[in-house]
Each structure stands twice: as structure tokens, then as C-alpha cells.
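Colleague: how would this look folded up:
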Amino acid sequence: MLASLGLWHAGPALADGLLWQVRDRDGAVCGHLFGTLHLCDRGCFPLPQSVLSAFDEAGMLVLELDPQAPGLGEALSAAGRLPPGQRLDRLLPAGDADRLAQALEVVGIDPSPMQGMRPWLAGTVLAVAAASRAGFDARFGVEPWLAERARKRGIGLVPLETVERQIAALSGSGLAAQVESLRQTVDMIIDDEVRDYFERIRDAWRTGDADALLSLMNEGADPSLMAPMTEAVIHRRNREMADRIAGFGCGPSPYFAAVGGAHFGGEFSLVRELERAGRVVVQIP
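Modeller: Numbers count the residues shown, from 1 in each chain. Down below sits the predicted model:
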């Protein structure tokens, strides 16, 4: 699918540092973990041969969510709608509503529908639109490419989460964190820093720097305000996903689990949580 867009003519991606083999304590291979990017440009392809080889050995692809999960857009829209009578700009601190309007104009989004969105959904819509204008798009994300390749190979695709669980993570960090995250995106757009930001994310991914990927999530935001979001979106989900992956066991057909690269950074990374769940996780150099 992405080959038709010319991705295979780009420079090679170098994200070998985000590839791990998972074993049980007796040494049996259970599968592989790979850190991905949900939004990227042509610089994410082709994937390294070590990653492709690990994937081609797998009998099951494991993703956070099936990219073709039915009803995802509708569920996001319903969950992210403000109650009747509320408006997004009235939830924002003084001055932030005007800056939001300015950012929406830059990106080319109609402000009227945005006023009915909760801050977490407004921030998501704005960030995706801004990234797309800078050339970073879900079309170039690693997961859709893997999902398409899995379907062509005829192997199963197993999601780690439901749509409802992802929505709960996005919405469960509290109003202050959501507003701060939205402000972070607005500032980046107004200051014309979007392309540079996503290029640095891509470059950190290409060099396998998961700690940098995690840090970049909150760059330009107040760490104390963003802490609940990091806990809800990263740490808590890492614990849940590690338990789910450990539950797949170590049978004759290994899995290939591809999860966003930021989940592999920090003290509470997916690797650390999987080790706490009883697995031996070895980085592939």
C-alpha cells in the first residue's frame, strides 16, 4: 500500500534500537516488541531488515488498536462532545481562546464544530491536522503498513485495547492536563514549530531513542499539569498492555507486537512492565 506512494525510495529507517525479543524464563521465544510512530512521513520507510525479519517470522500481529476498527471515528466524536450549553472557548484560560482561534485559522479548520469538543478531542484533531500540513500523516504510520502486510500474509491481527479503553485514556487525565496539552499544540502552530517538532520525533524514532520520544510528548508544557496525562496515556496503559502481551504465552507461533515508541521510554516503560510480568526482554542490537 505505502510502496505505491513512493515510500520504498526514501532513505532507510534505522529504528533497530526499538526492537526487542521476548522470551520466557526458560529461554523459549514468545515474540518481538517494536516501537512505532503513529504519524510519520516518508522517512519512516523502508523498515529495517531486522524488523521485517522478525515480523515475517510471526504468526500473529499485535497492535494497540486495529487501524480499521469499526466505529472508531464515531466513538471518538460521541465521547469527545461537550454537554449541551458548554463551549470549548469558555473552558480555556483568558487569552487562550483567541490563540486557539488563530491556530485554527492557520491550520484551516472551521472553528464552529470545535467549540462543541472537549479539550482532549480538540487537541487531537488540531494536532493531527497540523501534522498533516507538515507532511506527517497517519497514511505514513507504521501500524497501517504492518496491518496491511499481515492481511496479505493471512496472519491474525489482535488488538491490545478496545476503542473505549483508548478513549478512557485520552479523557481520563483531567481538565487541567487536557487544556495544557491543547495549549501546547496551539503554541506550536502559532510559533510555526510543527514541522521541526515532528521531524525531531521522527529522528528520535530512527535512532531508537525512546526516552526522547517520551520527553517530546510534553515538550513546551508544564510538567506538573501534564503528569496526570502521562500516567493515564502511557504508564497505566503500559501496565495493562504488558499483562495482555504476557498472557499470549510462548507457543510455537511467535507474535509481533507493535506499540507507539513513547511507550518504551522511562522507568515505567512497556519493556520494564513486561519484565515485571515475568518475561525476559532482550533488545536486538
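
Colleague: Show me the strands in the chain, by range?
Modeller: Along the chain, counting by DSSP state E, strands occupy 19-23, 29-36, 60-63, 156-159, 255-260, 280-283.

Colleague: can you pull the buried residues of the longest one?
Modeller: This points to strand 29-36. Buried residues in strand 29-36, counted by 16 or more other CB atoms under 10 Å: 30-36. C-beta here means a position set from N, CA and C on the backbone, and glycine is covered the same way.

Colleague: next one: stretch 162-175
Modeller: Residues 163, 166-167, 169-173 are the ones in stretch 162-175 that count as buried (16+ other CB under 10 Å).

Colleague: For that stretch, list the C-alpha coordinates in PDB.
Modeller: Output in PDB follows, covering the C-alpha atoms of stretch 162-175 (Å, rounded to 0.1, in the frame of the first residue of the first chain):
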ATOM      1  CA  THR A 162     -10.700  -1.600  22.700                       C
ATOM      2  CA  VAL A 163     -11.800   1.800  21.300                       C
ATOM      3  CA  GLU A 164     -13.500   2.500  24.600                       C
ATOM      4  CA  ARG A 165     -10.200   1.900  26.500                       C
ATOM      5  CA  GLN A 166      -8.300   4.300  24.300                       C
ATOM      6  CA  ILE A 167     -11.000   7.000  24.700                       C
ATOM      7  CA  ALA A 168     -10.900   6.500  28.500                       C
ATOM      8  CA  ALA A 169      -7.100   7.100  28.500                       C
ATOM      9  CA  LEU A 170      -7.400  10.200  26.400                       C
ATOM     10  CA  SER A 171     -10.200  11.600  28.500                       C
ATOM     11  CA  GLY A 172      -9.100  10.400  31.900                       C
ATOM     12  CA  SER A 173      -6.300  12.800  32.700                       C
ATOM     13  CA  GLY A 174      -8.500  15.600  34.000                       C
ATOM     14  CA  LEU A 175      -9.400  19.000  32.600                       C
END
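
Colleague: model confidence over it, on average?
Modeller: The average pLDDT for stretch 162-175 rounds to 93.

Colleague: so how far is it from its chain's centroid?
Modeller: Stretch 162-175 sits 13 Å away from the centroid of its parent chain (CA atoms, centre = their mean, to the nearest Å).

Colleague: Quick check: which ranges of the protein have low pLDDT?
Modeller: In the predicted model of the chain, residues 1-16 satisfy pLDDT under 70.

Colleague: No further queries at this time; thank you.
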